[in-house]
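Enquirer: Give me a 3D structure for the following:
(one chain, ligands or ions: 1)
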Amino acid sequence: MSTESAISFSRVSRHFSRQGARESVAAIADLSFAISAGEHICVVGRTGCGKSTSVSLLLGLLPASSGSVRVLGVDPYRDFQRLRGRIGCVFQSDRLLPWRSAIDNVLMPMEILRSCNSSVRDSAAELLARVGLAGYEQAFPHQLSGGMRQRVAFARALITQPDILIADEAFGHLDEVTAGALRHDFKRISRARGQTVYQITHSLDEALEVADRILVLQRPGKVAGIFSRAQWQDSTAEHAKVKQSLRSLIAGNSENAVLEEVG
Ligand SMILES: Nc1ncnc2c1ncn2[C@@H]1O[C@H](COP(=O)(O)OP(=O)(O)OP(=O)(O)O)[C@@H](O)[C@H]1O
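Expert: Take a look at the predicted model:
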């Protein structure tokens, strides 16, 4: 697997022991894929196929049971210190601190990195403006709508100028119009900054809209297929077939699916 990959999983497995059960459960099994710097990958698959576990492995919250996970060439579990500030995350819930204003929430990662100064405060205000929240710097989370709070969470993920952005179902709980606008801004900003995006979603339409490639996972955490934008972006009959294959794979019916060789 290329050493230049922004993210790589090489034959990764992750098991969990279950209380009272002799056998452990496999959340991820022999998973291999590589993502280049600047690529936008969407990960889709049915519930329980290991999507969130892959995020925990990327963030170094869990060790792999076997195989190797590399983020920017670093083992995130053993050497997370080298990745501090280089990965930004947005989750389904905004995880804002209710007693802090919007701008002070955005500044949190910089405080943790001990890098807060007046120019960073200006950058935070500028970021809030870029996600559509100019004038809301001093608002507290309870004074903002769900969509606005998620925008603050995006600004917080961007403040360290990370190389990698992880979005784990970050648009899932918003209404379609709010989610669509936020997705658009997220894509615009991450592309302008050349960031690598690892986005988990339950929505194939969302993935088709924003991804450079779509990674379909099947239980237990295996690659069922990887598709690139060139395969689906037009409204030709061939591309319609690929979209149908994607839907089949996600539904767990691989017989009708056209599988691509995983590089
Ligand atoms: N901490 C844990 N302890 C035990 N089992 C776990 C743990 N975390 C995940 N699992 C199991 O691993 C499997 C994969 O879970 P994971 O949350 O990664 O799936 P997912 O694809 O993100 O699901 P969803 O789409 O519902 O969020 C599931 O069977 C789950 O029960």
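
Enquirer: Which pLDDT value goes with the closest residue to residue 63 other than its chain neighbours?
Expert: Excluding the flanking residues, the one nearest residue 63 by C-beta to C-beta, 6 or more residues apart in numbering is residue 77, at 4.4 Å. The C-beta positions use only the backbone N, C-alpha and C, and glycine is treated the same way. pLDDT, residue 77: 96.

Enquirer: Likewise for residue 251?
Expert: In this prediction residue 251 is given a pLDDT of 83.

Enquirer: One more: residue 240?
Expert: The predicted local confidence for residue 240 is 85.

Enquirer: and it, which of the three is it?
Expert: helix (DSSP: H, G, I helix; E, B strand; the rest coil).

Enquirer: Could you measure from it over to the ligand?
Expert: Separation of residue 240 from the ligand (C-beta to the nearest ligand atom, to the nearest Å): 26 Å.

Enquirer: where's residue 166, which helix or strand?
Expert: strand 164-168 (DSSP states H and E).

Enquirer: So which other helices or strands are in contact with the helix or strand hosting residue 191?
Expert: In this structure, residue 191 sits in helix 176-192 according to DSSP H and E. In terms of contacts (3 or more C-beta pairs under 8 Å, 6 or more residues apart in numbering; DSSP states H and E), helix 176-192 is packed against strand 40-44, helix 146-158, strand 164-168, helix 204-210.

Enquirer: What are the contacting residues of the second one?
Expert: Just to be clear, that refers to helix 146-158. Identification of contacts with helix 146-158 by C-beta atoms under 8 Å, 6 or more residues apart in numbering yields 88-91, 94-96, 102, 105-106, 108-109, 124, 127-128, 130-133, 136, 141, 144, 165, 170-171, 173-175, 178-179, 181-182, 185-186, 189, 193.

Enquirer: got the CA positions of that helix in CSV?
Expert: The C-alpha trace of helix 146-158 is given here as CSV (Å, rounded to 0.1, in the frame of the first residue of the first chain):
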residue,chain,number,x,y,z
GLY,A,146,-29.5,22.7,15.2
GLY,A,147,-28.2,23.6,11.8
MET,A,148,-26.4,26.7,13.2
ARG,A,149,-24.9,24.6,16.0
GLN,A,150,-23.6,22.1,13.5
ARG,A,151,-22.0,25.0,11.5
VAL,A,152,-20.2,26.0,14.7
ALA,A,153,-19.0,22.4,15.0
PHE,A,154,-17.7,22.6,11.5
ALA,A,155,-15.8,25.8,12.2
ARG,A,156,-14.3,24.2,15.3
ALA,A,157,-13.2,21.2,13.2
LEU,A,158,-11.5,23.6,10.7
